[in-house]
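> Requesting a structural model of the entry that follows:
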Amino acid sequence: MSQTTLEIAKGPLVTIAIPTYNRAPLLRGCIQAALAQSYDNIEVLVSNNASQDDTANVLAKFSDKRLRVLNQETNIGLLPNWNACLAAASGEYIFFVSDDDKISSQMVEKCVGALEDQSQVPVVVALTDCHLASFGQIKPARTSRHLASGLTNGPRVLLEFLADEINIAICSVMMHTRTLRSRGGFSTTLPHAADVAAWAPLLLEEKAGFVNESCATFNLRDDSETGRLGVAQIMADGWKVAELISRTADDRIATPSLRQTIKREAHRCFSRRALRFLAYHRNSGASLREVLGFLWIFRQDLMIVDARSVLKFAAIVLCPPPVAARLRQIKHTFPSGWRSRQSVAKPG
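Next up is the predicted model:
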């Protein structure tokens, strides 16, 4: 056994939690990817949310002792199912991977390596590609031009995320289990943004782990439970997360200038995302009147958006949908590198 393998074996137990409902064909591959991790000290915890398809048979075909299954008697809902995984996890650290997401075989190893033998670091974030299912394309993760992989300053990582300099989704975020439990887990009052609300405030601690490469692919689907939420709910949830980050910064950040920067960037971030979602909503068939109505309702929250984002939004929204569709087709003919640092137009 190599020295590297010995060091990995001594690392913390890590839970890979997979909440699932009625996605048997996808679940098999997700579990296989979790069990194929190069890091050995893991448990894979699947919470079957009273699925009515072939999920039970898929689970029965696995004999790996590292796999544990929770069977919910009734459908308890998406976020309560995530919290059920959190309550049952044995690992010192935990990942939450949806059954339609894809994770690399080295994700856990790289995230544990970023801890650099420090104990109880609240969070380690790796970068995430995004599969835009409705467009049939994968947006590669933006990598940081300022931060290297390893133990680093948490607020610096958060600011890069808020400025859209790096792409992070929950499937490549490793959280300290006890810390997440102490914060109440996933808020059921934020159905669209509970994931970001869980991990982003953890970056306001002094130290965090960072992996400056993509370790997973987040699958963005229009037919997901969060994708079916109303427009007003999706936009409002984002600003609630901005407020949560601001309150946490008031408690955790002693330097006034840094504290104000984080609060300002949090509100700008989720306001930009609100504009992107409205542009997406317009391209999906919403009328100009409907979009302008949402702009009026949320005008106070949107006033902080930078001029460049406003101009991009106006160009998209005012463009007739058939013309916008044609422009997207033309854009997709360019090499992927041309788009590699474009923002992911992702609701929430």
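> Count the residues that sit near residue 300.
Residue 300 is flanked by 8 other residues according to other CB atoms under 10 Å. Glycine gets a C-beta too; all of them are placed from N, C-alpha and C.
> cool, and residue 292?
Count around residue 292 with other CB under 10 Å applied: 13.
> Show me the shaky parts of the stretch 101-250 of the chain.
For the stretch 101-250 of the chain, the stretches with pLDDT under 70 are 133-135, 221-229.
> Please enumerate the strands of the stretch 101-250 of the chain.
Along the stretch 101-250 of the chain, counting by DSSP state E, counting those that start in this stretch, strands occupy 102-103, 123-132, 137-139, 150-153, 173-176, 207-220.
> Could you find the closest non-adjacent residue to residue 156?
residue 147 (6.4 Å; CB to CB, 6 or more residues apart in numbering).
> Ok, residue 252 next?
Residue 252 sits nearest to residue 204 (CB to CB, 6+ apart), 4.4 Å away.
> follow-up on the earlier one: among the strands of the stretch 101-250 of the chain, which comes closest to residue 50?
Closest approach to residue 50 among the strands of the stretch 101-250 of the chain is made by strand 207-220 (22.0 Å; CB to CB).
> can you tell me how far the closest residue to residue 67 other than its chain neighbours sits from residue 86?
Spatial nearest neighbour of residue 67, chain neighbours left out: residue 44 (4.8 Å); criterion: CB to CB, 6+ apart. Applying CB to CB, to the nearest Å, the value for residue 44 to residue 86 is 15 Å.
> Could you report the pLDDT at residue 256?
In this model, residue 256 is scored at 97, pLDDT.
> where's it relative to residue 243, distance?
For residue 256, the distance to residue 243 - CB to CB - is 19 Å.
> pull the longest helix from the protein.
helix 256-283 (DSSP state H).
> how much distance is there from the next helix or strand after it to the middle of the chain?
Once helix 256-283 ends, the next helix or strand along the chain (criterion: DSSP states H and E) is helix 288-297. Mean-position distance between helix 288-297 and its chain equals 27 Å (CA atoms, centre = their mean, to the nearest Å).
> got the contact list for the residue nearest in space to the middle of the chain?
Centroid-nearest residue in the chain, with CA atoms, centre = their mean: residue 169, separated by 2.1 Å. The contact partners of residue 169, by CB atoms under 8 Å, 6 or more residues apart in numbering, come to 101, 128, 130, 195, 216, 218.
> ok, back up a step: thought the residue nearest to residue 252 was touching residue 262?
Yes - at 7.4 Å, residue 204 and residue 262 qualify as touching, with contact defined as CB atoms under 8 Å.
> Pull up the overlap in contacts between those two.
155, 158, 245, 249, 253.
> Could you check how many residues crowd around the first one?
This means residue 155. 21.
> same question, the second one
Residue 158 sits with 27 neighbouring residues when counted by other CB under 10 Å.
> hey, where'd the helices end up in this protein?
Counting by DSSP H, the helices of the chain are 3-9, 24-35, 55-60, 78-88, 107-113, 154-162, 177-182, 194-199, 231-252, 256-283, 288-297, 299-302, 307-318, 321-331.
> Sounds good, over and out.
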